[in-house]
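Q: Okay, predicted coordinates and the sequence, questions at the end:
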Amino acid sequence: MKLLEQVTLLFQEGKSDKVYEVDLLEVSPGQCVVNFRYGRRGTALKDGSKTPVPVPQAEAKRVFDKLVQSKLDSGYLPGGAPGTPASPPASRAPASPPPRVEAPAGTSPRERTLLQQLQQEASARQWFRRADVRAQPRKLERVIWRAGELRLRAAEPLLLPLLERAQPLRAYSLVAALGRLGSEASVSTLGRLYGEASTPDMVRRMATEALLQLSDEATRADFRRDMLETLPPALREPARAGNAEAFGQALDAHLASGKADALDVLESLYRVDSETVRPALLRVLRTVPFTVQSVRVLRHLFKAAEYRRDGEVFGLIAWRYEKERSLGASRPRAYTLRTRKYLRRRVWRTLRRLGELESPDFVKMAVGVLLAFSDADASPTAESDWGPRRHWYAYSPYWAFNHLLYRESSRYEANPNALYFQLKTGHRFGGHAPDVREEAFPKLWERTPAGLLHLLDESRCAPVHEFAARALRACPDFLAQLDVDAVAMLLERPYEPTARLGFELASQRLDAKREPRALLLAVARSAYAPARQQAFRWMDELRHVLVEDSGFVAGLATAPHAETRAYAANLVRGSVLSAQTVQALVGRLVAALLSLKAKEDGPVAVDVARVVLAALGPVSRTVGLDVVRDLLAHPLPEVQELGGELLLRRDLRTEPVPDELLQLLVQAEHAPLRALGLRLLALLAESEASLLAQEELLTRLATSRVPDVRTAVRPLLGRLLAASPAAGARVVEALLDALLRRRLPEGVPAHVASVLSEELAPALASLPAETTWRLLESEDAAAQGVGAALLARRGVELTVEVPRVTRLAGHDVLAVREWAWRWLEAHVPEVRAELSTAVGLLDSRWEDARAFGFRYFRERFAPEDFSLEVLVSVADSVRKDVQAFGRELLTRSFREADGPELLLRLSEHPAPAVQLFATNYLERFASGKPALVEQLAPYFIRVLSQVNRGRVARQRVLGFLQREGRGTEASGRVAMEVLHRMSATIAIEHRAAALEAMLAIAKAQPSLPVPFQVRPVEVRRAV
């Protein structure tokens, strides 16, 4: 092996001192390998090879040069080892000395130190290190990042050269720093880095954010338009059209598509970040499930928001990191417990650094973090029962949240290992909060009091209001400049500390006449109970003035607190309002009612409706039908009730109620609203003309699925029939059709049947006879009941035939069966003429009907009345009691001439009892008749095939076959076939009898073939 070339490369930076050696070796003529060694200088180096197998020398030379060049590009410098003849593959001029940067005047000691460290790093990269260069006390990436945080513009000339050979992590830090402190000189470098395909994704993402920071507004707008064009078409069009709602729906559909990269679009949307896109993006960030894919995207967005100082997105994702549990250690690159702790620490670290730098962005970012939390995030308080006693309060688990609110608190202390806050020893849950400030960086909050006001306006978290209200009191100049709307906002917040602050400000601003009136209204609507009580006392002094202010009264009537709404109702009841005031007040209150949406607004709607009715008074003041329609169409039942009350106040003689409104009321799901509709319907029914006009509606309501509606309509139907028999007949016909269609809800058929049998009974007399039969033959029990009632009323006048009476005699309704029995008793001659049909009564499933039939046919008919067909049809029944009755009739009415036919008919029946009965006729009618015996062969097989039953019948058949077989050759052939077949299948205990019978037949009829061989018994004798 021959050494052709060798290069030694060195890398020194801070405490790092590494060496990399590359060898080009000839292992055989023309065949070479490239080996390398690397490690810390002065230690044993690790070996490796770029050519697992020898390659031609030219190819090995290319591999050698490429490897050396890649190490030079990554920061290694040629060092040359003693005794090595080789040199670097290409001569490279020594780098020019780095620029010498002097700290500008006014630079702080911290900034001068950073500049010195960066200058030292630049000097450390020369061919020969100067003697005064020392190792860095911390990683260069942290120095670079800190320079960016301080926006140290003097560091730009030192940072730009470091980008040339920077590894991804260092390049990421450099790009982030240049985006904060860079000038026009940095834009071109960052733009080149953004455009190169070889730039790592993490560096390109940060280069994008850095370029946005350094660009003007027009350039940023152009960039966002370009990013908009990269969105999927389904998202691009609604985003371009400016329709936020449509875009939100399109985004939901895109994310629900199930594509593996569907969530990646969120990064593009955050770069667009328009007014159309942002609401949907924020909603998705709050609700997207934590998965491997979503964690990756959220982390990218989190870092981008941190860099942009976008407090809303930063705080929202920080809240997700606090709330979401880890995905488990099985997914090490996702969201493990360690990753979660790091991200939670990072949130507070970012806020702390901004606070320590006294950055104006601190308040913006802190507001975003605090606004993400709500009262729903509170957990039950707890106290440890093991180890040192600890007390966790409702928001203990939230690391950054507690640091912001209680970093300087005497009540709470942080546990840095478990990342939660706990009550200090000596403090209990629910204790009185001290009057001292407890938050982190209070001076920064005082410099930006607008952030505190923002919290009080939008936060839904009690501890945040407690902090912000206390901190805002330390800004008297800012409070003095608040307008009336801002003070009113404070008063109406549902948190006592905020409302109390608003009351204090309002008390200072209201004059002797309690002006401005808007502020007085805000005090009356306040969440602070003492403020409301004071407002009531102030308003009592001005009742005569305030009652004419419809806007003020409407504000009281729609207040969130019941006592304020009650005050408004009493104010209106106790005052005489002008028509103009009533009209304006009712209009405002109706508009307020129509704007209510949530179920929780029901009590408000009830109280507002009470004020509306009080304002209208008992006189005939009505509102338009369009308003009533809007109220009745509202989703809240309490609002609908007001619409019903307004309809009741109309003069029904001159102001008729449209049918659709009346039907909407009486068929409402809400019971009080139905009651209003029924009251209105009863009022309409007081006039005969109005009652007749509601015929169709009453018919529909009679079959309503709501029981109280059906019950209320019953007397009205009776009055309708009394007023107009023709209308009553039409209602009866419609109800009967509904019954027969069998499409009525559960419970309605029975009600309809009851109405027809009682209130509408007089109208049943005019119904045609066919309707009675249709009802009786229906499968619906209620319809059958109505038919039974009709039959009882009109049975005498109805013409009926035997087949129908036979069916009625076994009807499901007892009264119908009894009527049919009476008819049968009275019409015996007609029944005798159609006896074959009448005996169908015996197959009824009702035992009492069969009992009547047995008695009726025994007592009313002579034996000669029953033909063979009738007798056989009775005996053929599947019911055992009817079969027994059939055998009884056969015994009584038997005729000799019918014997053979009867035997054949009985032999076809499958019941064992009938088969046994048939054996009584074998000897009498089949003996000596080979043709009849052959016809009975299936019967013989059925009887002999029975197992564990029919013993007597089997014995009779075996005996009969043996006798007939011995008698004639034809009968013997039939008997031999039956017995041969059955000898292989019947039970073993009967096989001997079958063989014995066949043997007897064979002896009597030698000409018949025998299906077995008879062997003599072998006799064995002892020797």
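A: Noted; the coordinates are in hand. Numbers count the residues shown, from 1 in each chain.
Q: Can I get the lengthiest helix in the chain in CSV? Just the C-alpha atoms.
A: Secondary structure of the chain per DSSP state H: the longest helix is helix 337-356. C-alpha atoms of helix 337-356 as CSV (Å, rounded to 0.1, in the frame of the first residue of the first chain):
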residue,chain,number,x,y,z
LEU,A,337,-42.4,15.2,28.6
ARG,A,338,-39.0,16.7,28.2
THR,A,339,-40.0,18.7,25.2
ARG,A,340,-43.1,20.0,26.9
LYS,A,341,-41.1,21.2,29.9
TYR,A,342,-38.6,22.9,27.6
LEU,A,343,-41.3,24.8,25.7
ARG,A,344,-43.1,25.9,28.9
ARG,A,345,-39.8,27.2,30.2
ARG,A,346,-39.0,28.9,27.0
VAL,A,347,-42.3,30.9,27.1
TRP,A,348,-41.3,32.4,30.4
ARG,A,349,-37.7,32.8,29.4
THR,A,350,-38.8,34.9,26.4
LEU,A,351,-41.0,37.1,28.5
ARG,A,352,-38.4,37.4,31.2
ARG,A,353,-35.7,38.5,28.7
LEU,A,354,-38.0,41.1,27.2
GLY,A,355,-38.8,42.4,30.7
GLU,A,356,-35.1,42.5,31.7
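Q: what's the following helix or strand after that helix?
A: Going down the chain from helix 337-356, the next helix or strand is helix 361-371, by DSSP states H and E.
Q: Do I have it right that residue 943 meets residue 951?
A: No: using C-beta atoms under 8 Å, residue 943 makes no contact with residue 951, being 10.4 Å away. Yep, even glycine has a C-beta here, placed from its N, CA and C like the rest.
Q: So for the two, which sits in the more crowded spot?
A: residue 943 (24 against 11; other C-beta atoms under 10 Å).
Q: Helix or strand: which one has the more buried one?
A: Residue 943 belongs to helix 937-945, assigned by DSSP H and E.
Q: So which bits of that helix are buried?
A: For helix 937-945, a neighbour-count test (16 or more other C-beta atoms under 10 Å) marks 937, 939, 940, 942, 943, 944 as buried.
Q: same for it, what does it pack against?
A: Using 3 or more C-beta pairs under 8 Å, 6 or more residues apart in numbering; DSSP states H and E, the elements in contact with helix 937-945 are helix 912-918, helix 951-967, helix 969-983.
Q: Show me the contact partners of the last one.
A: When contacts are taken as C-beta atoms under 8 Å, 6 or more residues apart in numbering, the neighbours of helix 969-983 outside the stretch itself are 930-931, 933-934, 937, 940-941, 944-945, 961-962, 964-966, 991, 994-995, 997-998, 1001-1002, 1004-1005, 1007-1011.
Q: What of stretch 183-202?
A: Stretch 183-202 is contacted by residues 153, 156, 160, 163, 168, 171-172, 175, 178-179, 182, 203-204, 207-208, 210-211, 214-215 when judged by C-beta under 8 Å, 6+ apart.
Q: sorry, back to before: weed out the non-buried ones from the contacts of helix 969-983.
A: Using 16+ other C-beta under 10 Å, the buried ones in those are 930, 933, 937, 940, 944, 961-962, 964-966, 994, 997-998, 1001-1002, 1004-1005, 1008.
Q: quick one, phi psi at residue 35?
A: Residue 35 adopts backbone torsions of phi -110, psi 160, taken as degrees, to the nearest 10.
Q: thinking it is in contact with residue 23, fair?
A: Yes: between residue 35 and residue 23 there is a contact under C-beta under 8 Å: 4.8 Å.
Q: Who has more neighbours out of those two?
A: residue 23 (20 against 16).
Q: Buried residues of the helix or strand hosting the more buried one, list them for me.
A: Assigned by DSSP H and E, residue 23 falls within strand 16-28. Across strand 16-28, burial judged by 16+ other C-beta under 10 Å covers 18, 19, 20, 21, 22, 23, 24, 25, 26.
Q: out of the residues you listed, who's nearest residue 362?
A: Nearest to residue 362 out of those is residue 18 (C-beta to C-beta; 40.9 Å).
Q: Contact partners for that closest one?
A: Going by C-beta under 8 Å, 6+ apart, residue 18 touches 10, 11, 12, 38, 39, 40, 41, 76.
Q: Which ones among those residues lie within strands?
A: Among the contacts of residue 18, DSSP state E puts 10, 11, 12, 38, 39, 40 in strands.
Q: okay, who's weakest in those by pLDDT?
A: Lowest in pLDDT among the ones in strands among the contacts of residue 18 is residue 12, which has 75.
Q: name the helices or strands packed onto the one helix or strand residue 157 maps to?
A: Assigned by DSSP H and E, residue 157 falls within helix 156-159. Using 3+ C-beta pairs under 8 Å, 6+ apart, the elements in contact with helix 156-159 are helix 109-123, helix 168-181.
Q: among these, which gets the worst mean confidence?
A: Looking at these, the lowest mean pLDDT belongs to helix 109-123 (a mean of 80).
Q: CA-only coordinates of that one in PDB, if you can.
A: In PDB, the C-alpha atoms belonging to helix 109-123 read as follows (Å, rounded to 0.1, in the frame of the first residue of the first chain):
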ATOM      1  CA  PRO A 109     -20.900  47.500  29.100                       C
ATOM      2  CA  ARG A 110     -23.000  44.400  28.200                       C
ATOM      3  CA  GLU A 111     -23.100  45.500  24.500                       C
ATOM      4  CA  ARG A 112     -19.300  46.200  24.500                       C
ATOM      5  CA  THR A 113     -18.700  42.700  25.900                       C
ATOM      6  CA  LEU A 114     -20.800  41.100  23.200                       C
ATOM      7  CA  LEU A 115     -18.900  43.100  20.500                       C
ATOM      8  CA  GLN A 116     -15.600  41.900  22.100                       C
ATOM      9  CA  GLN A 117     -16.700  38.300  22.000                       C
ATOM     10  CA  LEU A 118     -17.800  38.500  18.400                       C
ATOM     11  CA  GLN A 119     -14.500  40.300  17.500                       C
ATOM     12  CA  GLN A 120     -12.600  37.600  19.200                       C
ATOM     13  CA  GLU A 121     -14.500  34.900  17.300                       C
ATOM     14  CA  ALA A 122     -13.600  36.600  14.000                       C
ATOM     15  CA  SER A 123      -9.900  36.800  15.000                       C
END
